[in-house]
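J.: Only the shape, not the letters, is given here:
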């Protein structure tokens, strides 16, 4: 197999290699792969088997990540590899994240080539998405460094399931992130993701208090699993208390997929209820996703409640901010990363060859 030296591992007394990248701490004999399937014990050392290989490149609106307060309206060059370190039964990108067939990785690209493609196509940022950049950390960091050399920003779309030392390295090279806060119970994480909630909360607190990374959260709301008022209350109250009122929260609709095809789609009214509870508890910017709801997609001034950014799906429909991100009506600052007038990319997607 093609291998690239991996970081964050050590050798156990019995000769196995322990991966120290994520809280799973997979213990591997020679030739074995971790649960993520892309990190492997290769002749007694950790290897990343997907370095430089991608499942495809596409230019998306930044709002699709979703990031509503990071360079609105601009295009982002998005790509992923294969595999994942969670086992979410509801995965919406399961054909990539659950892939065990490396022939899916048809696109090969060096970090420099990705950075140059982003700059050439006018993308303000590159997003590591579709599957979690945690598991291809070495590749993501190298791409991020190449991007920054050309003035291109970087975005991690992640579940935040990562250990302390690699977490510091990964986010040192990121300008923005969207973190999946999949639910707010350990039972959900254990039963549907084979994971734990606490490491994700630690990642969120780390991002807020120890980095300058702009980040937002997303919760895929699944009927009967994480859609109770009590859970919305507890989750949003925790966010305000531990992360502050300015971290945007997205509540997105589930559609039947992967191993949860028996569940119904999320009613729009449930997403609106989650958004209302978040706002009631002090979250200044809460959004709905995967449904057509321009009011629930739009950004409002936390001080005077005037509309700041209108959105219709991923397209901007209104703009009432100054170039430095202040409300034109009352002058209050809107939290986020704003740099001049909004972009004009709109909702289109464009496949790219790198």
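T.: That came in fine, so what should we check first? These numbers were taken from a predicted model, which means no experiment stands behind them.

J.: pLDDT weak spots in the stretch 1-150 of the chain?
T.: Where the stretch 1-150 of the chain drops to pLDDT under 70, the residues are 1-2, 93-107.

J.: let's see it at 50
T.: For the stretch 1-150 of the chain, the stretches with pLDDT under 50 are 97, 99-105.

J.: so where do the strands sit in it?
T.: Here the stretch 1-150 of the chain has its strands, by DSSP state E, counting those that start in this stretch, at 4-5, 9-11, 17-19, 27-28, 39-42, 45-48, 53-54, 57-61, 75-79, 107-108, 125-128.

J.: Contacts for the longest helix anywhere in the chain next, please.
T.: Determined from DSSP state H, the single longest helix within the chain is helix 229-243. Outside helix 229-243, the residues within contact range by CB atoms under 8 Å, 6 or more residues apart in numbering are 181, 183-185, 201, 204-205, 208, 217, 219, 247, 249, 273-274, 277-278, 281-283, 286. Every residue, glycine included, has its C-beta placed from N, CA and C.

J.: what sits against residue 60?
T.: Counted by CB under 8 Å, 6+ apart, residue 60 has contacts 75, 76, 78, 127, 349.

J.: helix/strand/coil for residue 171?
T.: helix (DSSP: H, G, I helix; E, B strand; the rest coil).

J.: burial count for it?
T.: 22 (other CB atoms under 10 Å).

J.: In contact with it, which residues are there?
T.: Counted by CB under 8 Å, 6+ apart, residue 171 has contacts 156, 177, 206, 207, 211, 213.

J.: filter those to the buried ones?
T.: Among the contacts of residue 171, those buried by neighbour count (16 or more other CB atoms under 10 Å) are 156, 177, 206, 207, 213.

J.: any idea how far the last one is from residue 252?
T.: Put plainly, it is residue 213. 21 Å (CB to CB, to the nearest Å).

J.: re earlier: so among the contacts of helix 229-243, which ones count as buried?
T.: The neighbour-count test (16+ other CB under 10 Å) marks 181, 183-185, 201, 204, 208, 217, 219, 247, 249, 273-274, 277-278, 281, 283, 286 as buried among the contacts of helix 229-243.

J.: Which ones among these map onto strands?
T.: Counting by DSSP state E, the members of those that fall within strands are 217, 219, 249, 286.

J.: Put together TSV for these, with pLDDT and distance to residue 59 on each row.
T.: Below are those laid out as TSV (pLDDT from 0 to 100; distance: CB to CB, whole Å):
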residue	pLDDT	distance to residue 59
217	98	24
219	98	26
249	98	26
286	98	27
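
J.: want to throw these into JSON lines with distance to residue 299?
T.: Listed next are these as JSON lines, based on distance: CB to CB, whole Å:
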{"residue": "217", "distance to residue 299": "16"}
{"residue": "219", "distance to residue 299": "18"}
{"residue": "249", "distance to residue 299": "13"}
{"residue": "286", "distance to residue 299": "10"}
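
J.: show me the contacts for residue 223.
T.: Counting by CB under 8 Å, 6+ apart, residue 223 touches 254, 263, 264, 265, 266, 267, 270.

J.: and what of residue 300?
T.: By CB under 8 Å, 6+ apart, the contact set of residue 300 is 285, 306, 307, 308.

J.: who's the residue positioned nearest the centre of the chain bridged to?
T.: For the chain, the residue nearest the mean C-alpha position is residue 157 (1.9 Å; CA atoms, centre = their mean). Beta-bridge pairing of residue 157 under DSSP bridges involves residue 178.

J.: Look up how far residue 261 lies from the residue nearest to residue 265 when sequence neighbours are not counted.
T.: Once flanking residues are discounted, residue 265 sits nearest to residue 255: 5.3 Å by CB to CB, 6 or more residues apart in numbering. For residue 255, the distance to residue 261 equals 10 Å [CB to CB].

J.: So for these two, which residue has more residues nearby?
T.: Looking at residue 255 and residue 261 with other CB under 10 Å, you find the greater number of neighbours at residue 255, namely 15 against 10.

J.: Quick check: pLDDT value at that one.
T.: With respect to pLDDT, residue 255 scores 88.

J.: Contacts only, for it.
T.: By CB under 8 Å, 6+ apart, the contact list for residue 255 reads 92, 265, 290.

J.: Please verify my assumption that the last one contacts residue 252.
T.: Yes: with contact defined as CB atoms under 8 Å, residue 290 reaches residue 252; the gap is 4.7 Å.

J.: okay, and the common contacts of these two?
T.: residue 266.

J.: nearest spatial neighbour of residue 85, skipping sequence neighbours?
T.: residue 36 (4.4 Å).

J.: just residue 323 next, same as before
T.: residue 340 (4.9 Å).

J.: need the helices for the stretch 51-200 of the chain, in chain order.
T.: Remark: helices assigned in the stretch 51-200 of the chain by DSSP state H, counting those that start in this stretch are 94-97, 111-120, 137-149, 164-172, 186-193, 198-210.

J.: What segments of the stretch 251-354 of the chain are helices?
T.: 268-280, 294-297.

J.: Just list the residues touching residue 330, thanks.
T.: Counting by CB under 8 Å, 6+ apart, residue 330 makes contact with 301, 303, 304, 306.

J.: Kindly indicate which of those lies nearest residue 325.
T.: residue 301 (11.1 Å; CB to CB).

J.: quick check: domain ranges of the protein?
T.: 4-48, 53-352 (automatic domain parsing).

J.: Start and end of the last one, how far apart?
T.: Taking CA to CA, to the nearest Å, the span from the opening residue of domain 53-352 to its closing residue is 14 Å.
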